[in-house]
Every structure is written in C-alpha cells, then in structure tokens.
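Visitor: have a look at this fold, sequence not included:
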C-alpha cells in the first residue's frame, strides 16, 4: 500500500506498512509516515491507526535507550487526518533508567503547504519484557460466545461498510448479543464486544494493541446513535505483551452526558491476560 | 500559606492560594506558582494538587477564549515536586470555536539553578456551562453509609498521618468497610471510598475536581500494600460542574500486574451526578 522509503523493514503485513515511519536525516526526532486510504473510516483515518503510527515514531526514538514499548500513551485528536503523507515530530521529555517519556505531534500539509496538526500525544515507554510476571487481577475476560458463533462485519449496515475501507483490514467477529444495532435493535446497554485479529494474519504486539483499542465501531451504535463519535482524547495502557492469536475486545460506556461520553476498551489476549486498557472521551453523535 | 504575588484573587481559601498562579509579564504563557508544604504527602507534593495547579495555569490562558474549564487533562509525572516556587510553561496547541487544546509543563529549579520538569500535561478546555443538560447514564453512585457513620482520617496509621500534612487540607470520611487496612485488615478488593470536602469549606469546582481525583490514599492500601504508589500517568475527564456540598469519591483497581496497577476514580456531587472520572497508571509499591 505505502510506497514511501522508510527505515522499517518492508514486510508482507499491511499493518506494518500502514504504521511504518522513516527518520528524516536532516531533522532530529522527525519522522515521515504515509497514511493509506485503506485505514479510512468515515471522513478520516481511523484514530487507532493514528495512535499506532505516532506510537511507532516514539518507539523508534526510545528503542536506542532500551525502552521500545509503550506503557502509557495519551493522544489528543485535533483535526481529521486524511490519507497521504504525515510528519511526526517527537521530543524526549525525560530519559530515565527504566522508562522514558516523550511527546509526539502528527501533522499534515494542507493544499497551500501549511502544516496542520492532527494529534498531539504524551507517552511513557519502557521494556515490557523486563516487568515482573506477577498478576493479581479481579478483572475477568469478556463472556464471549465461541468464535464460530460470532458474526462478521458483513452484517454491518451498508452505509457503514461503504464508508469504512478499514473493515477490510481486520477480521472482527461480534458477540451476537451486541449487534442488534445492525438490524435497528440496539440493546441500549452501551456494550460492543468481539474477537479481533488483523486480516493479514500479523500477530498482535504492543503497537498493534494501540490500534486494537480504537478499532471497533463506536459504542454509541449500541445506544441507538448511528453517527460518528469523534475522539477528543484517548489514553491507552499496555499492560503486557500479547500472546499470538485472536484478541477479545470489549468497548463499553456508562456515562453519556452533556454531549460527551467515555468509551472504555479492554483487550484480552489468547492466553487470557488483560493486555491493554484504554479510555477515551468522545463527542456524542448528533442525533 | 503562599505569599507570592499573583493575578488570582486572594481569598480566604487555602486551596485557592495553593493553586494560585501569576503570569510572568515578560514571557508569553509562563506562570509562577508556589507549592506550599501543607500539600505534601510522603516525599513530595500531592499529585492531585499539582494537576490543579497545572490546570489553573491553562485555565488562565484559555479563559480569554471563553474556554475556562478542563474537559480532559492527561498528566505525565516526571519527578517528585517539592514545596517552593514552581514555574508553568503553557502552549496553545489548537484554538477552536468550542474547545481549545494546550500543553503545560511544570518545572522547579534545583539548588544549582537547573530547571527540572515535574510534570507535562496535555488538556482540552471548554465551557461546561454551555454543554447540553442531557444525561443518559448507567453509572450508579457509590453505596456509601451516611456521613455520620463514616470514619475520619484520624484512624489512619500514625506513619501515614505523620508523612501527610495533606490530610489537614480536607475532611475525608471513609466508608468503614474500606478501611480495614488502617487496622491491618485490608479487604483485598482494591476499593477505597468516602465523602470528601475541603477543610476550609471552599465549594468544589472543576479545578477542585482535578485535586479530588487523586486526594485519597492509594487503593493499594486495600490490597495490603502500605507503601506509596507513584503515578506514572493520570487522565481526568470533568463531565459537569459540581453542585456545592460534599463529594463522594471512589477509588478502585482491577488489574495489578507486572509491577503496575490502574487506579480509577469517580467523583459524584451532592446532586447525584457523576462529575469527574479519572484513571491513572501507578507503579505498585515495593512489598
């Protein structure tokens, strides 16, 4: 898909190509990426993909310090990103022994050449392989029917499918109890969950989890609000490296008020571990 | 407590004085604050107070645009803040019609005059009074015993009280079912909740909520881990202006793994509305 030259290894994975960035030789900490239209949904590029691109730029910078993995990243979405070139300006905020914190700004040029910022993020990176293996959790994996009883995105309304080339990038199987919205019968619970993996078979890793936390349709679909719910802010915590295989993703909201809602995501790996948690503040669709 | 000159009105409230900032006349977007030792807990100044100070600096900058209230703020804590002067460097990232996004850095000078950054935050501000009044929430207020059946912080272990002048800044009444840790019998549920108001009687507002989300003892106390749990990142969403009166605050965690835990906070006002939600990623105390 992308044809830019970059320092990431060229792989068969469209996800790896989608998040690839190349370091500008003449500017410290500045990278170039290319947003492929295949990751578009509605009028812009999917927010999870943007997070993974921004996260990849920071990962390049922090890998030299032995801190390749995002532990926490908080992104503020400023304007809708379009397909095409995107620049990424990174800054090291603090370089520590076990963790580093940085800032990244993604920008694109308008037709008149003026740069417009798409998102700004702060993040702390470390090495997930070095964390102690202890787990004491009261969180329980989602109660999902087996994969073969879940339903694919081909059930989605035509209007949604046509505006979302993104849907071809992954294999997503919804819990049937959470897709009433596809046939005009939203449950009203504010819950969408399902099985997720990349269509190209690339296994999950921390950067892929940054995409996974914002890959599902907005949970407002399940509240009977079919429009888009633009993200104002999204913070993701990556809690451990995911095992290969299908992920289970849960999106839920509890508090819809004043034209905003929070959307919580949990990602569970095939080994039954809670590998990522995120929360975003989104603007409610206009009803 | 603070005696610096600043542009905030001098009030009788120690909280207002604690978060007061003054604009440097010679540097655009730079403010000076003073961290009073009264807000200290353990070796540093309380993270919620730092968030409110940083949030106040951004509020000063965005008020001229009609966006005085934090809607979302994400802070990365970089080093422990000490009592004394603190500088705040703000930057406008995006100025919009209904919302503005900015960045703020808090720094203090070391003895050799070298500035050291304490926290960096991104935030989006707007006007909470202009949000539509609709609420569709499935969240329910915490099940707290009446105020008179709850227990004050005088029950806290001496070691905790002696290291926390902060405790004198507010009136906090714990749910008795959540304070077993004070007598060596933590519940293990990862839950601490109680009633909260400022000791000086100042009523809650959006900036006070930034303090409230990180005012309680770490939820790890209830897991039998009495040490400090330093915050790596904290994001707070302010969902509406709180009504006057006591707040109800719930801190909980579900996933303690790899030496980190998330701590979720909910703040409910006297009118029964969920006024703030926050999540932080904290480092687990060394056991």
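Guide: Ah, there it is. Keep in mind the model is a prediction, meaning the values are calculated, not measured.

Visitor: return the nearest residue of the stretch 101-250 of chain A with respect to chain B.
Guide: Residue of the stretch 101-250 of chain A nearest chain B, by Cβ to the nearest Cβ: residue A:131 (3.5 Å). Placement of C-beta: from N, CA and C, glycine included.

Visitor: and that residue, how far is that from residue B:77?
Guide: 19 Å (Cβ to Cβ, to the nearest Å).

Visitor: with residue A:32 instead?
Guide: Distance from residue A:32 to residue B:77, by Cβ to Cβ: 31 Å.

Visitor: more crowded one of these two?
Guide: Using other Cβ atoms under 10 Å in any protein chain shown, the more surrounded residue of residue A:32 and residue B:77 is residue B:77, with 25 against 17.

Visitor: if the more buried one is in a bridge, with which residues?
Guide: residue B:119 (DSSP bridges).

Visitor: does it touch residue B:230 like I think?
Guide: Yes - at 7.0 Å, residue B:77 counts as touching residue B:230 under the criterion of Cβ atoms under 8 Å.

Visitor: all helices for the stretch 1-150 of chain A, in order.
Guide: A:14-19, A:47-63 (DSSP state H, counting those that start in this stretch).

Visitor: same question, the stretch 151-287 of chain A
Guide: Under DSSP H, counting those that start in this stretch, the stretch 151-287 of chain A gives helices at A:158-162, A:206-212.

Visitor: columns mean pLDDT and distance to residue A:106 on top of those, output as CSV?
Guide: CSV is the format used below for the helices of the stretch 151-287 of chain A (pLDDT from 0 to 100; distance: least, Cβ to Cβ, whole Å):
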stretch, mean pLDDT, distance to residue A:106
helix A:158-162, 74, 26
helix A:206-212, 98, 13
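
Visitor: which of those sits most buried?
Guide: Of all those, helix A:206-212 has the most neighbours on average by mean count of other Cβ atoms under 10 Å in any protein chain shown, namely a mean of 26.

Visitor: which residues touch that one?
Guide: Here helix A:206-212 makes contact (Cβ atoms under 8 Å, 6 or more residues apart in numbering or on different chains) with A:15, A:19, A:46, A:48-49, A:51-52, A:55-56, A:59, A:69-70, A:73, A:128, A:196, A:198, A:202, A:204, A:236, A:238, A:241-242, A:247, A:249, A:265, A:267, A:275-276.

Visitor: low-confidence stretches in chain A?
Guide: Within chain A, the stretches with pLDDT under 70 are A:1-11, A:155-157, A:287.

Visitor: quick check: closest non-adjacent residue to residue A:176.
Guide: Leaving aside its chain neighbours, residue A:176 sits nearest to residue A:151 (5.6 Å; criterion: Cβ to Cβ, 6 or more residues apart in numbering or on different chains).

Visitor: please read the previous query as pertaining to residue A:177.
Guide: Distances taken as Cβ to Cβ, 6+ apart place residue A:187 nearest to residue A:177, at 7.1 Å, with adjacent residues excluded.

Visitor: from residue A:194, how far out is the one you found?
Guide: 14 Å.

Visitor: between these two, who's got more neighbours?
Guide: Between residue A:187 and residue A:194, counted using other Cβ under 10 Å, the more crowded position is residue A:194 (29 against 15).

Visitor: now do the contacts for the more buried one.
Guide: Residue A:194 makes contact with A:144, A:150, A:172, A:173, A:174, A:175, A:178, A:216, A:248, A:249, according to Cβ under 8 Å, 6+ apart.

Visitor: returning to what we had before: which residues are in contact with both of residue A:187 and residue A:194?
Guide: Common neighbours of residue A:187 and residue A:194, counting by Cβ under 8 Å, 6+ apart, are residue A:178.

Visitor: would you list every one of the strands in the stretch 51-200 of chain A?
Guide: A:69-77, A:84-95, A:100-109, A:115-126, A:135-137, A:170-174, A:191-198 (DSSP state E, counting those that start in this stretch).

Visitor: got those strands as TSV, with distance to residue B:64 columns?
Guide: Converted to TSV, the strands of the stretch 51-200 of chain A look like this (distance: least, Cβ to Cβ, whole Å):
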stretch	distance to residue B:64
strand A:69-77	20
strand A:84-95	27
strand A:100-109	24
strand A:115-126	21
strand A:135-137	46
strand A:170-174	44
strand A:191-198	40
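
Visitor: buried deepest among the ones you listed, which one?
Guide: strand A:69-77 (a mean of 27).

Visitor: just give me how far it sits from the chain centre.
Guide: How far strand A:69-77 lies from its chain's middle: 10 Å, per Cα atoms, centre = their mean, to the nearest Å.

Visitor: elements contacting that strand?
Guide: When contacts are defined as 3 or more Cβ pairs under 8 Å, 6 or more residues apart in numbering or on different chains; DSSP states H and E, strand A:69-77 sits against helix A:47-63, strand A:115-126, helix A:206-212, strand A:231-238, strand B:69-77, strand B:115-126, strand B:231-238.

Visitor: surely residue A:47 and residue A:77 touch.
Guide: Yes - shown here, residue A:47 and residue A:77 form a contact pair, counting by Cβ under 8 Å, at 6.1 Å.

Visitor: shared neighbours of those two, anything?
Guide: A:231, A:234.

Visitor: could you report the separation of the closest residue in space to residue A:83 that isn't next to it in sequence from chain B?
Guide: Spatial nearest neighbour of residue A:83, excluding adjacent residues (Cβ to Cβ, 6+ apart): residue A:37 at 3.9 Å. According to Cβ to the nearest Cβ, to the nearest Å, residue A:37 stands 25 Å off from chain B.

Visitor: so residue A:37 sits right up against residue A:164, yeah?
Guide: No - applying Cβ under 8 Å, one finds residue A:37 not in contact with residue A:164, separated by 11.4 Å.

Visitor: spell out which parts of the stretch 101-250 of chain A neighbour chain B.
Guide: Counting by Cβ under 8 Å from any Cβ of the partner chain, the stretch 101-250 of chain A comes close to chain B at A:101, A:103, A:117, A:120-124, A:128, A:131-139, A:189-190, A:223, A:232-233, A:235, A:237, A:239-240.
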